[in-house]
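Peer 1: missing the sequence, but the structure's below:
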Ligand SMILES: Nc1ncnc2[nH]cnc12
Ligand SMILES: [Zn+2]
């Protein structure tokens with residue numbers, strides 16, 4: 001799918017937001033420089049989850065939208081979540097400040113700037129298009145804004161980006177199918193489809209027709225599974241949706257047969273340890289199954305999920321798990337190489353990026 005190259009956004013002068021410490025989480029005493037980390041791709045990233053409170057308030061003012069918080073600090077103080085749903089409720093509410101193509105371009109570019117500073121060279125951004133369309137934002141505005149942000153990011157930062165339309169489990173599957181039709185009719189620059197939102201209580205299988213149609217149109221496919229739900233949810237998204245990679249997949253470890261299949265097929269798992277702790281899927285970073293996943297031979301990459309809400313961009317996630325588990329340079333290089341290999345980039349670009357990771361590995 002393709003469209004005319006997007007024009008640059010009008011900047012709104014919102015300053016880049018400095019990374020915050022991982023509140024209460026194990027982190028190295030001194031932050032290594034960017035060069036101390038490998039180049040990487042970020043594959044599991046929700047655009048709306050990059051909305052920093054300062055930008056949310058700037059957009060609220062620009063669009064004359066009321067946020068039910070006094071200021072950015074008060075909003076940030078509300079980022080204490082008991083589970084996925086408690087997070088999604090706030091995430092959807094805050095997303096309402098996003099109204100125009102310019103908003104989506106600014107948000108995309110703010111994320112890319114922060115990600116690039118942490119070593120990200122390629123990013124695949126899931127966007128909750130249904131949420132925005134349902135509250136009256138034209139689909140073409142969302143798509144054009146994100147595309148413009150990605151184009152400017154590539155030109156300005158040398159970071160490539162792909163847009164993924166995330167279907168939402170808590171909304172009707174027929175709506176996802178209609179959204180896909182609209183995207184196809186627009187010739188929207190979307191590289192793939194995903195499945196996100198509330199996992200427990202909302203089956204993946206009803207989305208099979210939309211995923212099959214996406215595949216028939218050459219779109220790539222990813223799906224959240226086994227974040228909060230059981231291991232068989234992984235099997236469901238592989239078999240019913242034809243998912244090429246699985247977002248999270250941490251509870252797959254509870255079923256040896258599912259693990260054996262994931263290892264055999266080397267299905268990329270986009271793991272988000274900081275998110276899992278913030279949403280209570282895992283009690284603490286030290287108890288995260290990342291080491292067990294690596295030991296099992298699973299194909300794992302590190303990702304941030306919703307970095308604004310969870311207090312960790314992917315470089316900070318790398319720092320935190322490196323500190324928590326004493327990851328070696330080789331393990332970190334393996335994780336970074338897996339991020340490019342699990343991406344939806346063409347093979348020659350993957351090879352170029354993996355060569356850069358190997359340079360980083362050898363320089364240590
Ligand atoms: N961690 C997550 N799981 C499912 N859907 C999401 N949407 C944004 N973040 C999500
Ligand atoms: Zn996610």
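Peer 2: Great, that's in hand. Everything numeric here is computed off the predicted structure, so don't read it as measured data. Ligands and ions are numbered 1, 2, ... in the order given.
Peer 1: What residues does the stretch 251-364 of the chain have near ligand 1?
Peer 2: Within the stretch 251-364 of the chain, the positions near ligand 1 by CB under 6 Å from any ligand atom are 275, 305-306. Quick note: C-beta positions are derived from backbone N, CA and C, even for glycine.
Peer 1: which one of the residues you listed has the most neighbours?
Peer 2: Ranked by neighbour count (other CB atoms under 10 Å), these have residue 305 at the top, with 30 neighbours.
Peer 1: can you pull the pLDDT of the spatially closest residue to residue 194 that is not a sequence neighbour?
Peer 2: Counting by CB to CB, 6 or more residues apart in numbering, residue 166 is the residue found nearest to residue 194 once chain neighbours are left out, at 4.2 Å. If you check residue 166, the pLDDT there is 98.
Peer 1: what secondary structure does residue 166 sit in?
Peer 2: When classified by DSSP: H, G, I helix; E, B strand; the rest coil, residue 166 comes out as strand.
Peer 1: Look up how far residue 341 lies from the residue of the stretch 101-250 of the chain found nearest ligand 1.
Peer 2: Closest residue of the stretch 101-250 of the chain to ligand 1, CB to the nearest ligand atom: residue 196 (3.7 Å). Using CB to CB, to the nearest Å, residue 196 is found at 22 Å from residue 341.
Peer 1: The two: which is more packed in?
Peer 2: Neighbours per residue, other CB under 10 Å: of residue 196 and residue 341, the larger number sits with residue 196, 24 against 19.
Peer 1: is stretch 234-243 up against ligand 1 anywhere?
Peer 2: No: Stretch 234-243 stays clear of ligand 1 (CB under 6 Å from any ligand atom), getting no nearer than 12.5 Å.
Peer 1: Straight-line length of that stretch, end to end?
Peer 2: Start and end residues of stretch 234-243 are separated by 9 Å (CA to CA, to the nearest Å).
Peer 1: Quick one: mean pLDDT over that stretch.
Peer 2: Mean predicted confidence for stretch 234-243 is 98.
Peer 1: pretty sure the residue of the stretch 101-250 of the chain closest to ligand 1 contacts residue 169?
Peer 2: Yes: between residue 196 and residue 169 a contact is recorded at 7.0 Å, counting by CB atoms under 8 Å.
Peer 1: hey, what's whichever residue of the stretch 1-150 of the chain sits closest to ligand 1 bridged with?
Peer 2: Residue of the stretch 1-150 of the chain nearest ligand 1, by CB to the nearest ligand atom: residue 46 (4.0 Å). Here residue 46 sits in beta bridges with residue 126, going by DSSP bridges.
Peer 1: Look up how far residue 123 lies from it.
Peer 2: In terms of CB to CB, residue 46 sits 12 Å off from residue 123.
Peer 1: Quick check on residue 268: phi, psi?
Peer 2: With angles defined as degrees, to the nearest 10, residue 268 sits at phi -60, psi 130.
Peer 1: how distant is the helix or strand where residue 177 lies from the center of its chain?
Peer 2: Assigned by DSSP states H and E, residue 177 falls within helix 173-186. Counting by CA atoms, centre = their mean, to the nearest Å, helix 173-186 is centred 21 Å from the centre of its parent chain.
Peer 1: which helices and strands does that helix pack with?
Peer 2: Here helix 173-186 touches helix 129-134, helix 139-157, strand 160-168, helix 208-216, going by 3 or more CB pairs under 8 Å, 6 or more residues apart in numbering; DSSP states H and E.
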